[in-house]
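In: Let's see this in three dimensions:
(one chain, ligands or ions: 1)
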Amino acid sequence: MKLRSKLPNTGVTIFTEMNNLAARYQAINMGQGFPDFSPDDRLIECVHEALLGPHNQYAPMGGVPALREAIADKIDNLYGRRYDPELEITVTSGATEALNSTITALIHPGDEAIVIEPAYDLYAPVIRVAGGVPRYVQMTVPTAERPQFSVNWDAVESAITPKTRIIILNFPNNPTGITIGQSDLDRVERIVNAHADILILSDEAYEHIVFDGEDHLSLAGRPSLAERSIIISSFAKTFHVTGWKIGYCCAPPHIMAEIRKVHQFTVFSVPTPLQVGLAQYLNQYANTALLSPFYQKKRDRLAKGLADTRFKSLYSAGTFFLLMDYSTLSGCSETEAARALTEHHGVTAIPVSAFYDDPESDKANHNLLRLCFAKQDPTIDATIDRLVNVETL
Ligand SMILES: Cc1ncc(COP(=O)(O)O)c(C=O)c1O
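Out: Numbers count the residues shown, from 1 in each chain. You can find the predicted model right below:
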């Protein structure tokens, strides 16, 4: 039987390839974004208690009410918008399912979605499976004067056509570590105000990891943007539980009603004990304000160590990723550099080119590798010990 693939060009992702390579060469895996330390014991206890209690049957489709309330409280406290837990918040199977259900619900065949590259690798395939067309806009690449990626809003505006349905934003950004400022939001506001039918999908999975005293600017915090935005976040990065796959999305009722139609036939609901435990943890113990200083120390430890190597670190304003430039060591492609670093030097990183539609193209290759610093200090130190000795790739 001949199958017609919906994603004919999608193979094994670079994350899987690099993880396999890391295992084969016993490299320190600074590639994929997950912590190598445990979550708060009290969170485990909350979920354990929920497992022992009467919380092991289907949760309501939109999520356990106590968790939706806790999410509404958190967003209200931090960003000043009160989402209605009943109609405007849905607990999802990670940010992944929130993104998938949102894109599936909102994109019709032939619709276009603007994706700002480098971009998290999920967006484009899901747009394609929905029959839509990703319209790529490249960020401005770092220079010696401005060693950070930045969004070219003129290019975003120019990419809009009558078929554009959504613009996908992701700040703090994976993989670049850039954040969004008030002037960016002003610009986004002007762009969408001129286009009545365009919605914004704002992936804020790293909302609680923003450095150097800056605040995360959620699109929930701007009424004119919140009215046409779907805000997506995840507990994975916030509470060091990437394996739990639990997140949420928030949107005005008429948008959320459509997203829930897909959500209910994708997973229906999310594991009840996780929801009950997280609700209790959020209400009693969680202090998300501690996360940024926690990760800032790790970012600084890694950046300080890199200063003694031939790699150059780029400034990371948020997330638990930092980019390092290897241009003084080699002119090879980023994929080749990542492979060589694992095979010959025992450190695994992810090529930033993997976050572009065409990873082998020139526009995707800027001699940059992404390191994840959600690692214990000895892991970061061991990475530096290896990188110090690298003279060529
Ligand atoms: C930008 C971004 N969005 C979404 C996700 C997926 O989050 P989750 O693990 O909650 O599905 C990730 C995970 O790496 C991410 O980096």
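
In: Run through the strands of the chain in chain order.
Out: Counting by DSSP state E, the chain has strands at residues 28-29, 89-92, 112-117, 133-138, 164-170, 199-203, 229-234, 247-250, 312-313, 321-325, 347-348, 350-351, 368-372.

In: got JSON lines for the ones you listed, with mean neighbour count, mean pLDDT and distance to E391 too?
Out: (Glycine included, C-beta is placed from N, CA and C.) Shown next, in JSON lines, are those (neighbours: other C-beta atoms under 10 Å; pLDDT from 0 to 100; distance: least, C-beta to C-beta, whole Å):
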{"stretch": "strand 28-29", "mean neighbour count": "22", "mean pLDDT": "96", "distance to E391": "18"}
{"stretch": "strand 89-92", "mean neighbour count": "28", "mean pLDDT": "98", "distance to E391": "46"}
{"stretch": "strand 112-117", "mean neighbour count": "24", "mean pLDDT": "98", "distance to E391": "31"}
{"stretch": "strand 133-138", "mean neighbour count": "18", "mean pLDDT": "98", "distance to E391": "32"}
{"stretch": "strand 164-170", "mean neighbour count": "24", "mean pLDDT": "98", "distance to E391": "35"}
{"stretch": "strand 199-203", "mean neighbour count": "24", "mean pLDDT": "98", "distance to E391": "38"}
{"stretch": "strand 229-234", "mean neighbour count": "27", "mean pLDDT": "98", "distance to E391": "39"}
{"stretch": "strand 247-250", "mean neighbour count": "28", "mean pLDDT": "98", "distance to E391": "42"}
{"stretch": "strand 312-313", "mean neighbour count": "19", "mean pLDDT": "96", "distance to E391": "15"}
{"stretch": "strand 321-325", "mean neighbour count": "24", "mean pLDDT": "98", "distance to E391": "15"}
{"stretch": "strand 347-348", "mean neighbour count": "26", "mean pLDDT": "98", "distance to E391": "14"}
{"stretch": "strand 350-351", "mean neighbour count": "28", "mean pLDDT": "97", "distance to E391": "20"}
{"stretch": "strand 368-372", "mean neighbour count": "26", "mean pLDDT": "98", "distance to E391": "16"}
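
In: Pipe those into a markdown table and attach distance to F15 per row.
Out: Formatted as a markdown table, those follow (distance: least, C-beta to C-beta, whole Å):
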| stretch | distance to F15 |
| --- | --- |
| strand 28-29 | 10 |
| strand 89-92 | 21 |
| strand 112-117 | 17 |
| strand 133-138 | 19 |
| strand 164-170 | 17 |
| strand 199-203 | 17 |
| strand 229-234 | 17 |
| strand 247-250 | 19 |
| strand 312-313 | 21 |
| strand 321-325 | 13 |
| strand 347-348 | 10 |
| strand 350-351 | 7 |
| strand 368-372 | 11 |
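
In: so can I have CSV of the ones you listed showing distance to the ligand?
Out: Formatted as CSV, the strands of the chain follow (distance: least, C-beta to the nearest ligand atom, whole Å):
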stretch, distance to the ligand
strand 28-29, 15
strand 89-92, 8
strand 112-117, 12
strand 133-138, 16
strand 164-170, 5
strand 199-203, 5
strand 229-234, 3
strand 247-250, 4
strand 312-313, 20
strand 321-325, 9
strand 347-348, 16
strand 350-351, 11
strand 368-372, 10
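
In: nearest to N389, of these?
Out: When the strands of the chain are compared by C-beta to C-beta, strand 347-348 sits nearest N389, at 10.4 Å.

In: Off-centre distance for that closest one?
Out: With C-alpha atoms, centre = their mean, to the nearest Å as the basis, strand 347-348 stands 21 Å off its chain's centre.

In: So what are the sheet partners of that strand and their directions?
Out: The strands beside strand 347-348 in its sheet (DSSP bridges) come out as strand 28-29 (parallel).

In: now stretch 144-151: how far from the chain's centre is it?
Out: For stretch 144-151 - counting by C-alpha atoms, centre = their mean - the centre lies 20 Å from the chain centre.

In: how about the residues of the stretch 101-250 of the chain near the ligand?
Out: Residues of the stretch 101-250 of the chain that fall close to the ligand, judged by C-beta under 6 Å from any ligand atom: 120, 170, 174, 203, 205, 234, 236, 242, 245, 247.

In: Who is the last one paired with across the strands?
Out: For G247, the beta-bridge partners under DSSP bridges are T92, S234.

In: Which one of the strands of the chain lies nearest to M1?
Out: Per C-beta to C-beta, nearest to M1 of those: strand 133-138, 28.5 Å.

In: by how many degrees do the closest one and strand 164-170 diverge?
Out: 50 degrees (axes from the mean of the first three to the mean of the last three C-alpha atoms, to 10 degrees).

In: Run a quick neighbour tally on the closest residue to N193 other than its chain neighbours.
Out: Residue nearest to N193 in three dimensions, not counting chain neighbours: S224, with 7.1 Å by C-beta to C-beta, 6 or more residues apart in numbering. Residues near S224, counting by other C-beta atoms under 10 Å, number 13.

In: does S224 really touch E189, like I thought?
Out: Yes - counting by C-beta atoms under 8 Å, E189 is a contact partner of S224 at 5.8 Å.
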